[in-house]
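Colleague: Based on what follows, work out the 3D shape:
(4 chains, ligands or ions: 5)
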Amino acid sequence: MSSQPVLVADGVAKSFGPVQVLFGVDFDVRPGEVHALVGENGAGKSTLMKILAGYQPPSAGTIRVDGEPVHLSGSGPAEALGIVLIHQEFNLAEHLTVEENISLGREIRRGFFLDKPAMRERARAALAELNCPVDPDARIRDLSVSERQMVEIAKAVSRSVRVLIMDEPTAVLTGAETEVLFRLIRRLTAQGVGVVYISHKLDEVKAISDRITVLRDGRRIGTHPAELLGHDDIAQLMVGRPMSDLFPPKEPPPPDAPVVLEVEGLSVPGWVRDASFQLRRGEILGFAGLVGAGRTELMEGLMGLRHRSAGAIRRDGQPLRVRTVADAAKAGIAYLTEDRKGKGLLVGKGLRPNLTLLALERYGRVFIDERKEAMALDRAIEEFDIRLKSPDALVGSLSGGNQQKLLLAKTMQVAPQILIVDEPTRGIDIGTKQQIYRFLHDLARRGASIIVISSEMPEIIGLSHRVVVMRSGAVTGTLSGDDIVEAEIVRYATGLKGLKGISHDPVLHA
Amino acid sequence: QQKVKMGVSIPAATHGWAGGLNWHAQQAKAKLEKQYPTLEVVLVTARDVGRQANDLEDLVSVRNIDALVILPFESAPMTDPVRAVKQAGKFVTVVDRGLTDPSIQDLYVAGNNPEMGKVSAQYIKQKLGGKGDIVVLRGIPTVIDNQRVDAFQEEIKGSQIKVLGMQYANWNRDDGYKVMQDFLSRFPKIDAVWAQDDDIALGVIEAVKQAGREKEMFILGGAGMKDMIKRVMDKDPLVPADVLYPPGMIAEAMEITAKHLVEKAPIKKEYIIEATLVTPENASKYYYPDSPF
Amino acid sequence: MTQSSMPELARKPSAGFDLKLWGPFLALAGLIVLGTLVNPVFLSPANLANVLTRTAFTGIIAVGATFVITTGGIDLSVGSLAAFTAGVMIVVMNALVGPMGAGWPVVLVGMLVAVGLGLVAGLVNGLLVTKGRIEAFIVTLGTMGIFRSLVTYLADGGTLSLNSGMRAVYRPVYYGGLFGIPTPVWVFAAVALIGAVILYRTRFGRYCAAIGSNDEVARYSAIDVDRVRLLAFVLQGLCVAIAVVLYVPRLGSASATTGVLWELEAIAAVIIGGTMLKGGHGRIWGTVVGAVMLTLIDNILNLTGAISVYLNGAIQGAIIIVAVLLQRGTASKR
Amino acid sequence: MTQSSMPELARKPSAGFDLKLWGPFLALAGLIVLGTLVNPVFLSPANLANVLTRTAFTGIIAVGATFVITTGGIDLSVGSLAAFTAGVMIVVMNALVGPMGAGWPVVLVGMLVAVGLGLVAGLVNGLLVTKGRIEAFIVTLGTMGIFRSLVTYLADGGTLSLNSGMRAVYRPVYYGGLFGIPTPVWVFAAVALIGAVILYRTRFGRYCAAIGSNDEVARYSAIDVDRVRLLAFVLQGLCVAIAVVLYVPRLGSASATTGVLWELEAIAAVIIGGTMLKGGHGRIWGTVVGAVMLTLIDNILNLTGAISVYLNGAIQGAIIIVAVLLQRGTASKR
Ligand SMILES: Nc1ncnc2c1ncn2[C@@H]1O[C@H](COP(=O)(O)OP(=O)(O)OP(=O)(O)O)[C@@H](O)[C@H]1O
Ligand SMILES: Nc1ncnc2c1ncn2[C@@H]1O[C@H](COP(=O)(O)OP(=O)(O)OP(=O)(O)O)[C@@H](O)[C@H]1O
Ligand SMILES: O[C@@H]1[C@@H](O)[C@H](O)OC[C@H]1O
Ligand SMILES: [Mg+2]
Ligand SMILES: [Mg+2]
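Modeller: Ligands and ions are numbered 1, 2, ... in the order given. A predicted model of the protein is given here:
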């Protein structure tokens, strides 16, 4: 561990125009270590990493590789030095295939021509190492976000790397996938690769890292050996105040609470088969499952965003026709997508139009009342603690977590009675997470019903009154009360429990 | 009984004069097919040289024509494709725009472009008394346009007629209007406009009227569009004359060719339609109110 | 919750002059200077009125095109639609002169017919794009051929001319004016203003930009993507109709050559004005400036005798590139 | 960890026949059936040879356009570049006949000149787009005017004709053939094949698609985006030059009207073939089919005498829409 660092940032500062986001940050990575970088949303983690990997030039300060100062003019030179970054936001060309993306910029050639079999093989191997069943010939645009994340990881580790920087690689991965990733990280570090690991999942950080650096408001607060910091210490260093309990105490709805939404036998061709569940007033219903279980597709089918081949939807006992998101909105149902960049936000536009896009009719019948919009934005910024350096910032320039907060704020604009959130805290820091959990909790207490799809087991367990577990496109079980524990969920999610293809809801029908 | 097939290939109706051409060709087709029951007329139109060459191939190889009447989109490029038709043993009538190798054609029916420029120049010279300032609006950059303009300039040489400005107006009314508007802004005194084509002339008339400068100048167009002939007939001072370049020449060519095909009538090798000056005296002779042109 | 506190940071990063935004206007100013140098007549009110009046047709069409392009579409059929609409309008008015006599009622009916036709044509384009799921480029390439052909057919290959009595009645719509400014310029200004209000201040305008920048996000935001796309084409059809209503009284005729290449001019005006061809971001005022620039270039070339007529097109092309180069180049250097 | 295994749900909903992929070929087949119904002569080898030979010009240009469009660009200048190149080639060959005599060496020099010019023009377009940071649409709209103007100037407003001795020498390049197949068809096939190999089997081809799909990602993958874009334009220029080399012996002349609207045809062929106008996905074989389809429509119309000449354009437009509607419509219904 005392070996010389491979990669060093010396007093790195960064400004975007007049906005300074990093202030003289020191950071280093040693061979064979996992160095975690934590901090609140917008603290400057991603920016620092982009500078280390050559994607952006620092405004001041030096980058050293093996002790030598380097000028990384683009990602090419950095990769040549073995520094590889997995972006927080996807960095994949949607129209190209998995293999083409994995090979992009490093194609294998035989003579003048591409050696496609070799590249396909390389992609397959990289994916296999991650236990990821994605077809190398599939197009990125047809993949789910979790699959895309796996492709990103496969792309990074298939290069010859000395320093691997991972910017929230597990934000959309479930525990099982995360385990695979950790095994991979351990293998790499054993080979002497230095790893930088950014995550808001502090348990992961504790579990995998050797050292932890905390960043706050663009400044380094400190670097500590991981074994010296507890979960709560990290949280406190990050947010600058002691953290109370992450989850508010559960308040399940009374058993006779009316069923507000009932889904029966819903099928989405190719993804979901015969799924049924019920949602009560004031209830938080968790949806658990492995990557690819089809939870997202089920909800998108429900919302009319995907073609349904079968299924009935009842709202307050009345049959409901949902063909478009607008139909759902009229019935008081809103959905927060897991794909924030592809389906959630217009990254090339400002915050205000993004915030109100889903509920624009509330801002004027014919003409948009921009003052009202601006007020709504101020309120959203306050309520969801969105940190931005300039009010006319484009959404694309917000930090990942802050984008997610904006997306949540956008979804809430329709004041839904039924809120379906898919990976709601993806990339959100622990302090804000707590706020969001409280927010959801209060919402439910005031009579709204919430469906939470999450890859974070603690989130599912900490929030849900009941949990539906899916596997391979089918509902395999529903848990409630004290049954909501990790081991039980995993049993249903992996097929150890619950008959394959069981479609009814055992708890509710009992 | 075996039918005799006559192929007719002309430019598509992309501007007024060509529109007149299309109309006359269709009229002639109807008339000739009625007149000669054994005759079939295959009429094709093309919107560029390449397509016209394609049309000739199709007429020979799949429509199996016996004779071709063609008004070439342009002379030089169409020479070889027409030669190929000739070599396939077909009778060839060329209309208006002569091929670079006249030995290919069996019959030539034409207007006379240099003559048209010359007649126009003579008229303007005479009407202005050999002295004055004029502007010229040209057609589309083509050989036809060059022939007319060259002959025109040749003819005014030595006189005191001064060409103040010359721009392409593409045988198009809108362009004629725009270019003339700008000429009117640019030149405080214009004695005459040679618009060379009646479509352009119509645009010019509107521009001149808008500027309120009708008294200052007169306009000479060309082709023999019915509206223009009517103005000449009605003694419109703005349009004292017109020079003929009748699109109806295609009909004439078709008739002569058909007659030769069916009746084996003997023919002259060349029919040149003179670039007649239309004046109020003879205008009624050239007025066809039913034609679209 | 902790208030985001960044007090030391200026609110606007681009406190100065936004060249990306003002580029088209600068380029326009440059052209005006050039024009004045070439010929002082350029600045005469009469010449400026001419230029603006001419711009009206393609300008109005370009306002519509701004919407279509903002949604990520394209409409190649506008020029031939203009010709077809003008043709039908003339035929209808000529037919009505008999029963109704030459007067304003006939003109009004003609205008209604034009507007109706424009709307229907826009609807057809839009339906083929949205329901037929064909690329806008192909749909409108097809309808471009169809409309052009129909007007040729209607005119029997020649020119359709408005009855002369009607022309006298209708003329002022083009040649008349108010406060010394020609009617078409007023109409153009009104269309641009309304276009700007729709694009910038209404839900529909927002939706157009949202769809053009990411139609999936739009769909997930409860926007009826097909309906907005359709409406953009309908709006384009309406703009064409308005342009035609101003065009017909100018020369009182329509033929197969009417409106040829207007689509290219309209799209060029839109793009020069700073709207992105890929959609997502529309700029009406930029479009207006773009359209004026294109007419100005023609006008300036006509006002000088210095250049061989053959080279007009080259100068035009070069000016377009240089104007945009200056405006974008400076902007990106910031 | 358990391998995620999903046996009961088909992973690929489109296991069977990929209509999106095969659509253009089906549409082509439909046209062929239509042609045969209209006139059995349609299928004669002579007619088919004619059709393919004609397709060669725009087809070859369209292969180049596939690259430009795949990178997300567009080139409007190809038609006028073709005219200009043809003009220069003729002027050069005519000038060399004196000193060198009419023979193959002169033709070769002419060809070299054409290729050189095409490459330089592509380079100019590409540099203006990449270094000048101007939209490809505007750059090539500008150069379109410039090239068109230059050929008009060169031809003095008229037509440039190849020396007749030279014509005789050069003729076989268009009219000759091998194994009964005309030279232009061979060349077209070769260009398409090479194009396909480049697009599908080389790094450059992949980079074109990557850039068109997302140029940020491409840049992040250490791809020299500007260089690839530039090369795509250069390739387009080369294709234009090759088309011209075949075109000149056909008609032996060039004028201001040569190649008018070829750009529209080339782009249409590309889009009909399934390449996306916004870039990211190119299909050479689709382009070839698209180009053939466009020629076929003309040909079929020539084979029937049933329709008013004025309506040809309408039928053409309708066929284009219907063909694409069928191919896409069926595909999206899956
Ligand atoms: N291109 C840019 N232009 C302007 N501001 C930017 C840009 N990129 C980042 N920023 C700003 O820099 C700050 C730091 O962002 P960064 O993405 O590094 O945060 P982060 O620590 O990674 O946060 P998160 O946990 O949410 O991902 C943010 O305020 C962000 O808005
Ligand atoms: N039969 C199958 N074989 C292989 N993979 C499958 C199969 N069925 C579904 N999948 C995978 O499952 C994915 C379903 O989407 P998705 O991953 O979003 O489900 P999810 O339950 O929402 O999980 P996530 O936690 O990733 O959101 C598909 O993209 C697909 O890759
Ligand atoms: O089309 C041309 C026409 O407009 C002109 O007046 O005469 C010659 C024709 O070819
Ligand atoms: Mg980040
Ligand atoms: Mg999901």
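Colleague: By mean pLDDT, point me to the weakest helix or strand of chain B.
Modeller: Least confident helix or strand of chain B, by mean pLDDT, DSSP states H and E, is strand B:270-273 with a mean of 86.
Colleague: The helix or strand that that strand is followed by - contacts with which helices or strands?
Modeller: Downstream of strand B:270-273, the first helix or strand assigned by DSSP states H and E is strand B:277-278. If contacts are counted by 3 or more C-beta pairs under 8 Å, 6 or more residues apart in numbering or on different chains; DSSP states H and E, strand B:277-278 sits against strand B:242-243. Backbone N, C-alpha and C define where each C-beta goes, glycine included.
Colleague: Name the next helix or strand downstream of the strand it packs on, please.
Modeller: Using DSSP H and E, the helix or strand that directly follows strand B:242-243 along the chain is helix B:249-263.
Colleague: Tell me which residue of chain B lies closest to ligand 5.
Modeller: In chain B, no residue comes nearer to ligand 5 than residue B:47, which is 54.4 Å away by C-beta to the ion.
Colleague: Look at the residue of chain A found nearest ligand 3 and give its secondary structure.
Modeller: Using C-beta to the nearest ligand atom, the single residue of chain A nearest to ligand 3 is residue A:95, 47.2 Å away. Following DSSP: H, G, I helix; E, B strand; the rest coil, we place residue A:95 in the coil state.
Colleague: Give me the residues contacting the least confident helix or strand of chain B.
Modeller: For strand B:270-273, contacts defined as C-beta atoms under 8 Å, 6 or more residues apart in numbering or on different chains pick out B:107, B:108, B:109, B:110, B:111, B:112, B:244, B:246, B:249, B:252, B:253, B:256.
Colleague: which among those end up buried?
Modeller: With neighbours counted by 16 or more other C-beta atoms under 10 Å in any protein chain shown, these contain buried members at B:107, B:108, B:109, B:110, B:111, B:112, B:244, B:246, B:249, B:252, B:253, B:256.
Colleague: my guess is the residue of chain A closest to ligand 3 meets residue D:281, correct?
Modeller: Yes: using C-beta atoms under 8 Å, residue A:95 is in contact with residue D:281, at 4.8 Å.
Colleague: Between those two, tell me which one has more neighbours.
Modeller: A side-by-side neighbour count of residue A:95 and residue D:281, using other C-beta atoms under 10 Å in any protein chain shown, places residue A:95 first with 22 against 18.
Colleague: The more buried one: what's it in contact with?
Modeller: Counting by C-beta under 8 Å, 6+ apart, residue A:95 touches A:139, A:140, A:141, D:209, D:212, D:213, D:276, D:280, D:281.
Colleague: what do you get if the cut-off is 10 Å, keeping everything else the same?
Modeller: Listed by C-beta atoms under 10 Å, 6 or more residues apart in numbering or on different chains, the contact set of residue A:95 reads A:101, A:139-141, D:70, D:209-210, D:212-214, D:276, D:278-282.
Colleague: quick one: the helices in the stretch 1-150 of chain B?
Modeller: Assigned by DSSP state H, counting those that start in this stretch, the stretch 1-150 of chain B shows helices spanning B:16-35, B:49-61, B:75-87, B:113-128, B:143-156.
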